[in-house]
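*Asks:* Structure here, sequence nowhere to be found:
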């Protein structure tokens, strides 16, 4: 399987403070992967580097076989990378429909692109809220909208930062089910979250991050065989 996103020996940080020290990550076409670690270990910093929001000090980032480190954020997004950011960041003064249509594009040249109708079929709650403003939605509904908005770009790779943070168990379960359906349909996904058992039902492989390094990478079978890793890299 060819590599879709490849991060090799990535080093970066903020000002004089280095955060990543040789970070490695690889996602193939159609794969679902996770990036796991405690808060402050470098997960969001990795994403900021991928999206061109931080300079790459050393190493390289490739997407669709091309070097993207050093490119502007807009160009990287146009290549078919879509982010569901932590905190959702939807437009509060636009309706659900307007939030979705504002991002409509077919960046992966899909033969069956995501449309408003398909998003509403995926998330029926959003269709019920079609005319509601973004700031009138619950946290769970806003997360559904943020995922739908990202899908409307028809990305090659969908990235979710803190996929189910701060939402109810019921909505969380719905989002896991949706991610499973997307994975089954061939959508490549990278998920950052803390619910490892649920992630193992969706993802093909996992990467832990600890103090800006990637000390362990492997598939579900390898992770299940080493349960001590969960406490080592995710325990408080």
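*Replies:* Arrived safely. In this text, all values refer to a predicted model and were calculated from it rather than measured experimentally.
*Asks:* which of the residues in stretch 225-232 are buried?
*Replies:* For stretch 225-232, the neighbour count (16 or more other Cβ atoms under 10 Å) marks residue 229 as buried. Bear in mind the C-beta positions are built from the backbone N, C-alpha and C, glycine included.
*Asks:* Can you tell me the centre-most residue of this protein?
*Replies:* residue 159 (1.7 Å; Cα atoms, centre = their mean).
*Asks:* Look up the pLDDT of that one for me, please.
*Replies:* As predicted, residue 159 sits at a pLDDT of 97.
*Asks:* Which neighbouring elements make contact with the helix or strand hosting it?
*Replies:* Assigned by DSSP states H and E, residue 159 belongs to strand 157-161. The helices and strands touching strand 157-161, judged by 3 or more Cβ pairs under 8 Å, 6 or more residues apart in numbering; DSSP states H and E, are helix 43-50, strand 81-84, helix 139-151, strand 188-192.
*Asks:* and the residue nearest to the centre of the chain, what is it in contact with?
*Replies:* 47, 50, 81, 82, 83, 84, 189, 190, 191, 192 (Cβ atoms under 8 Å, 6 or more residues apart in numbering).
*Asks:* Adding pLDDT, neighbour count and distance to residue 176 as columns, could you present those in TSV?
*Replies:* TSV is the format used below for the contacts of residue 159 (pLDDT from 0 to 100; neighbours: other Cβ atoms under 10 Å; distance: Cβ to Cβ, whole Å):
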residue	pLDDT	neighbour count	distance to residue 176
47	96	21	20
50	97	25	23
81	97	26	22
82	97	22	19
83	95	23	19
84	95	23	14
189	97	23	12
190	97	26	15
191	96	26	10
192	94	22	14
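*Asks:* Let's have those in JSON lines, adding distance to residue 103.
*Replies:* Output for those, formatted as JSON lines (distance: Cβ to Cβ, whole Å):
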{"residue": "47", "distance to residue 103": "18"}
{"residue": "50", "distance to residue 103": "19"}
{"residue": "81", "distance to residue 103": "13"}
{"residue": "82", "distance to residue 103": "9"}
{"residue": "83", "distance to residue 103": "11"}
{"residue": "84", "distance to residue 103": "12"}
{"residue": "189", "distance to residue 103": "18"}
{"residue": "190", "distance to residue 103": "19"}
{"residue": "191", "distance to residue 103": "20"}
{"residue": "192", "distance to residue 103": "21"}
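*Asks:* Can you tell me which of those residues is closest to residue 145?
*Replies:* Nearest to residue 145 among the contacts of residue 159: residue 84, at 9.8 Å, using Cβ to Cβ.
*Asks:* Distance-wise, check the closest residue to that closest one other than its chain neighbours relative to residue 168.
*Replies:* Counting by Cβ to Cβ, 6 or more residues apart in numbering, residue 84 lies nearest to residue 160, which is 4.3 Å off, once chain neighbours are set aside. Applying Cβ to Cβ, to the nearest Å, the value for residue 160 to residue 168 is 17 Å.
*Asks:* So which bits of the longest helix seen in the chain are buried?
*Replies:* If you go by DSSP state H, the chain has its longest helix at helix 169-184. Residues of helix 169-184 classed as buried: 171, 172, 174, 175, 176, 178, 179, 182, 183 (neighbour count, 16+ other Cβ under 10 Å).
*Asks:* Pull the contacting residues for the third one.
*Replies:* With contact taken as Cβ under 8 Å, 6+ apart, residue 174 is in contact with 140, 144.
*Asks:* how near is it to residue 28?
*Replies:* In terms of Cβ to Cβ, residue 174 sits 27 Å off from residue 28.
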